[in-house]
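Q: Structure, please.
(chains A, B and C)
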Amino acid sequence: MIELLTQLGEKTRDSFTKLGRSSFFLMQIMAGTMDVLRRPALLSKQLYSVGVLSFFLISISGLFVGMVLGLQGYYILSNFGADEALGVMVATSLVRELGPVVGALLFAGRAGSALTAEIGLMKATEQLSGMEMMAIDPIKRIITPRFLAGIISLPLLTALFSSIGVLGGHLVGVEMLGVDEGSYWSQMQAALDVYDDILNGIIKSFVFGFVILWIALFEGYDAIPTSEGVSRATTRTVVNSAFAILGLDFILTALMFGDI
Amino acid sequence: MGNTVKQDTLVGLFVAIGIGALFFMAMKISNISGISDHESYTISAAFENSGGLKVKSPVVVGGVRVGRVVAISLDQKKFQSIVKMKIDAQYNQFPEDTSASIFTAGLLGEQYVSLEPGGMDDLLSDNSIIEITQSALVLEEIIGQFLFKDKNTETTKKE
Amino acid sequence: MAIDPPIVSIKNLTFSRGNRKIFDDISLDIHRGKITAIMGPSGTGKTTLLKIIGGQLRPDKGSVSVNGQNVHQLSLKNLYQLRKNMGMLFQSGALLTDMDVYNNVAFPLREHTQLNESMIRSLVLMKLEAVGLRGARHLMSSELSGGMARRVALARAIALDPLMIMYDEPFTGQDPISMATLVQLIKTLNVTLKLTSIIVSHDVKETAAIADYIYVLSQGKVVGHGSPEMIEQSGSDWVQQFMNGNANGPVHFHFPANDYADDLFASEDTI
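A: Numbers count the residues shown, from 1 in each chain, chains lettered A, B, ... in the order given. Predicted coordinates:
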């Protein structure tokens, strides 16, 4: 019993230590921002590996999610004779929830895990340590560019996901099931607001991007430099990102759309 | 170094498409181009009951959308619902005796304000108040009235 | 001999990891222009010592000064300035895996200098020529053999013309030819570039061949120091066992354990 309590206490203390270390790490990342912005070439390279390489995954997923929404929405709405509202349903669910959340989950799996593995292996092969000895700050040179690239990429990818999703819903609803094209778009435009819906969705994806990158880079940087350590860190990135995304989504939704 | 150039191009393309998608969302999914705030004027109307009308509900004249509802508040003296509407500045030829009604699009659709132009020479301008209004039809009231009438006729028959 | 002050001076250094004392009050000096070897069996924290000199680890007690500056009292900015004068060759080479050989060597030049590409090119080719790998400049670092990777890392370490270079186990896991190449390379570079070299190693023969001075570490203490000849004739049993590579001597083959017979007959839940 006492042993159990001691273990619990140690676990709690360890997680606070980790939180402290990661906060300090975040501050170091932020401190490097200006230096990175002065060297756009570094950023461009990371935008490629974080953003461009996630492009197809996000586009294809967005298309299919939109098509499924079109199909399911049509069956439900046509029961009430309200199939003109299909556009509203597809767009609202994509822009407010599915775009930011599914986009972020895919991004955490695709880019987040890759970043953790990359940084973890750089640590294991002494590349980070080597840089320090070459008088180059690895946080500024390696971590911050990836952080910024991720934060820029995710909102763009989310916008892409939602837009393609709406087109996918159009493809199924209008082209295949015969919903009126005019009402698909006009009801959507009437119901969705630029600030309340679109901007809030973008803010969500920005917050998710921030958290995913923070988790992924910290797990990589903090990984135990062995094969097992890196693989565990990669798993932790995906799991913790998913928890963080879903938990934060509830809080953000309540703040933005709810009256709680 | 050709590799770097190709990479930069792809990054440029990615950012451009991403920003394009943001514009698509603003323009096509929501409606930023519709009615912007700086070229419009505000009018209000007092209704006995504004029913299910909401902020952002459309304002139409003869089926054409001319503006939207921006605020709904309660007049504490007359216990009326004051509906403020922004009307696009290009539609500025409504006579002062224009009337406003609240209708429902379809049986379960959303509610909207319909303006019915009158025949006076003076025109509605910024901060005008529409005096002739017709309240929203509340489904329960109609059903209630219908049932009540029915009972009345039944009782008269018995007598 | 003792005209110049030493480039690295370690005084009363104590460092522990957890409960284990890695260094227990050791002091040593490294002199300019010499090749100094720090030797000892695996697990004596030789790499740790290099990391302490480089300021990556902080000692519990004692001071380390490099080129007259106390490493652990410098601000981060000054520490980075000082590190430009130190090259370090990691055991794995620590080459950046997303770049080819050329860009790896150009990396510190691009980060720290404002030189234009044509000057960087000349410098990189000079450094690569010095390690004999000018022809391999388009290979990716994953395509290099261990010995080649170490030579590229060496070219990178001398790119900024440092005052001293620290070699972490340069000979481990090398075939005899690349071992001989590295031995010769370290010797030549030390003379031609007027470097100070610190070699951390447990390869006795190769290291003794080029070192001017040797420190032997064991159990967190300096157990012997002097020129290679002095070390070879050392009276200490321990040093003799290490230098000659004997299996028997003060250091035992077995990791400390309780009695063998007792252990075998113990109940099965004692693992």
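
Q: From here on, just use CA atoms for contacts and neighbour counts.
A: OK.

Q: Tell me which helix or strand residue 28 sits in.
A: You didn't say which chain, so I picked chain A. Per DSSP states H and E: A:Q28 is located in helix A:2-31.

Q: ah, no, chain C please
A: strand C:20-30.

Q: who does the helix holding A:Q28 touch, helix- and strand-wise?
A: For helix A:2-31, the packing partners by 3 or more CA pairs under 8 Å, 6 or more residues apart in numbering or on different chains; DSSP states H and E come out as helix A:144-170, helix A:200-222.

Q: how big is the angle separating it from helix A:144-170?
A: If you take axes from the mean of the first three to the mean of the last three CA atoms, to 10 degrees, helix A:2-31 sits at 90 degrees to helix A:144-170.

Q: returning to what we had before: same list, the helices and strands packed on helix A:2-31, but as TSV with distance to chain C, mean pLDDT and mean neighbour count please.
A: Listed next are the helices and strands packed on helix A:2-31 as TSV, based on distance: least, CA to the nearest CA, whole Å; pLDDT from 0 to 100; neighbours: other CA atoms under 10 Å in any protein chain shown:
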stretch	distance to chain C	mean pLDDT	mean neighbour count
helix A:144-170	14	95	27
helix A:200-222	15	94	25
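
Q: what's A:R110 in contact with, if anything?
A: Applying CA atoms under 8 Å, 6 or more residues apart in numbering or on different chains to A:R110 gives the contacts A:S54.

Q: Need the three-state assignment for the closest residue to A:F257 other than its chain neighbours.
A: Closest residue to A:F257 apart from its sequence neighbours, by CA to CA, 6 or more residues apart in numbering or on different chains: A:D196 at 7.9 Å. Secondary structure, DSSP: H, G, I helix; E, B strand; the rest coil: A:D196 is helix.

Q: number of nearby residues for A:D196?
A: 12 (other CA atoms under 10 Å in any protein chain shown).

Q: Ok, B:G119 next?
A: By other CA under 10 Å, neighbour count at B:G119 equals 11.

Q: And it, how far from B:Q93?
A: Distance from B:G119 to B:Q93, counting by CA to CA, to the nearest Å: 11 Å.

Q: I'd like the distance between A:E228 and chain C.
A: Separation of A:E228 from chain C (CA to the nearest CA, to the nearest Å): 19 Å.

Q: ditto for A:L115
A: From A:L115 to chain C the distance is 13 Å (CA to the nearest CA).

Q: Figure out the helix or strand that that residue lives in.
A: Going by DSSP H and E, A:L115 is in helix A:113-124.

Q: could you check the distance from the closest residue to A:F218 other than its chain neighbours over to chain C?
A: Leaving aside its sequence neighbours, A:F218 sits nearest to A:S22 (CA to CA, 6+ apart; 6.3 Å). Taking CA to the nearest CA as the measure, A:S22 falls 19 Å from chain C.

Q: Please verify my assumption that A:S22 contacts A:G220.
A: No - if you go by CA atoms under 8 Å, A:S22 and A:G220 don't touch, sitting 11.3 Å apart.

Q: what helix or strand does the nearest residue to B:K28 once chain neighbours are set aside sit in?
A: Once flanking residues are discounted, B:K28 sits nearest to A:Q189: 6.8 Å by CA to CA, 6+ apart. Assessed by DSSP H and E, A:Q189 sits inside helix A:181-191.

Q: quick one: contacts of that helix?
A: A:84-89, A:91, A:170, A:174, B:28-31, B:58.

Q: Name the nearest of the residues you listed relative to B:E141.
A: B:P58 (23.9 Å; CA to CA).

Q: Now do the helix holding A:Q189 against helix A:144-170, angle only.
A: 130 degrees.

Q: can you count the residues close to A:E175?
A: 13.

Q: er, A:V174 I mean
A: A:V174, neighbours per other CA under 10 Å, totals 22.

Q: So for it, what's the nearest residue that isn't a sequence neighbour?
A: Nearest one to A:V174, counting by CA to CA, 6+ apart, is A:E181 at 5.8 Å.

Q: quick one: low-confidence parts of the chain?
A: Looking at chain A here, since you left the chain open. Within chain A, the stretches with pLDDT under 70 are A:259-260.

Q: ah, no, chain C please
A: Using pLDDT under 70, chain C drops low at C:1-4, C:250-254, C:269-271.

Q: now the helices for it?
A: C:46-53, C:76-83, C:101-112, C:117-130, C:146-157, C:176-192, C:204-210, C:228-232, C:237-244, C:260-265 (DSSP state H).

Q: With distance to A:W185 as added columns, please give those in CSV.
A: Below are those laid out as CSV (distance: least, CA to CA, whole Å):
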stretch, distance to A:W185
helix C:46-53, 64
helix C:76-83, 58
helix C:101-112, 52
helix C:117-130, 54
helix C:146-157, 60
helix C:176-192, 71
helix C:204-210, 78
helix C:228-232, 86
helix C:237-244, 83
helix C:260-265, 80
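
Q: Distance check, the nearest residue to A:D83 once chain neighbours are set aside against A:G99.
A: Nearest residue to A:D83 in three dimensions, chain neighbours excluded: A:L77, at 5.0 Å (CA to CA, 6+ apart). To A:G99, A:L77 is 21 Å away according to CA to CA.

Q: More neighbours: those two, which one.
A: Set side by side, A:L77 and A:G99 show more neighbours around A:G99, with 32 against 15, by other CA under 10 Å.

Q: my read is the more buried one is in a helix, agree?
A: Yes - looking at A:G99 with three-state DSSP, it is inside a helix.

Q: right, and it touches A:T158 too?
A: Yes - if you go by CA under 8 Å, A:G99 and A:T158 touch, sitting 5.5 Å apart.

Q: For burial, what's the neighbour tally of the residue lying closest to C:L57 once chain neighbours are set aside?
A: Once flanking residues are discounted, C:L57 sits nearest to C:K51: 5.7 Å by CA to CA, 6+ apart. For C:K51, the count of nearby residues is 18 (other CA under 10 Å).

Q: Then C:N246?
A: 12.

Q: before we move on, what about B:E116?
A: So B:E116, with other CA under 10 Å, has 17 neighbours.

Q: dump the residue contacts of it.
A: So B:E116 contacts B:61-62, B:98-101 (CA under 8 Å, 6+ apart).

Q: Got the phi and psi for it?
A: phi -120, psi 100 (degrees, to the nearest 10).

Q: any idea how far C:N103 is from C:L96?
A: In terms of CA to CA, C:N103 sits 9 Å off from C:L96.

Q: Show me what from the stretch 151-260 of chain A comes close to chain B.
A: For the stretch 151-260 of chain A, the residues in contact with chain B (CA under 8 Å from any CA of the partner chain) are A:156-157, A:159-160, A:162-163, A:185, A:188-194, A:198.
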